[in-house]
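1. Here is my input, please return the structure:
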Amino acid sequence: MPQLTPSMCITRRLLKVPGQKIRIKLKSYDHILIDKSTEKIIKTVKSTGAVVSGPIPLPTRRTVFTVLRSPHVDKKSREQFEIRAHKRIIDIHNSNNKTVDARTDK
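-> Okay, here's the model as predicted:
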């Protein structure tokens with residue numbers, strides 16, 4: 001029997017994975033809304049029989065804006081505002097036509 005090399009093992013693992021994968025990327029400024037949306041998507045996809053991995057939280061991007069408080073004087077007096085962009089990834093494995101049509105109907 002021939003000796004198995006690591007590259008042969010990786011190739012065999014890749015060949016065993018049938019089907020397709022759907023990746024859904026969600027982005028929102030409201031973390032509560034994005035969590036509710038991911039729950040709805042996962043519930044719908046699991047009802048069709050597909051396998052779901054996620055939601056995977058990605059790093060939150062924070063953008064800070066600094067503005068002057070006074071329109072005329074007091075240069076040192078400033079105010080800062082920030083916007084946070086929350087992101088999630090959902091992977092759907094072994095999907096079928098029913099899985100794809102389930103979310104578009106609602």
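
2. would you list every one of the strands in the chain?
-> For the chain, the strands defined by DSSP state E occupy 21-28, 51-68, 78-93.

3. now those in a markdown table, with mean neighbour count, mean pLDDT and distance to V100?
-> The way it works is simple: take the backbone N, C-alpha and C, and place the C-beta from them, glycine included. A markdown table is the format used below for those (neighbours: other CB atoms under 10 Å; pLDDT from 0 to 100; distance: least, CB to CB, whole Å):
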| stretch | mean neighbour count | mean pLDDT | distance to V100 |
| --- | --- | --- | --- |
| strand 21-28 | 14 | 89 | 8 |
| strand 51-68 | 12 | 92 | 14 |
| strand 78-93 | 14 | 92 | 9 |
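
4. Tell me who's in contact with the residue nearest to K75 when sequence neighbours are not counted.
-> Distance criterion CB to CB, 6 or more residues apart in numbering; nearest residue to K75, sequence neighbours excluded, is L68 at 7.1 Å. With CB atoms under 8 Å, 6 or more residues apart in numbering as the criterion, the residues that contact L68 are 74-75, 77-79.

5. ditto for K21
-> By CB under 8 Å, 6+ apart, the contact set of K21 is 91-93, 95.

6. Could you tell me how far it is located from S70?
-> According to CB to CB, to the nearest Å, K21 stands 54 Å off from S70.

7. likewise L26?
-> Separation of L26 from S70 (CB to CB): 40 Å.
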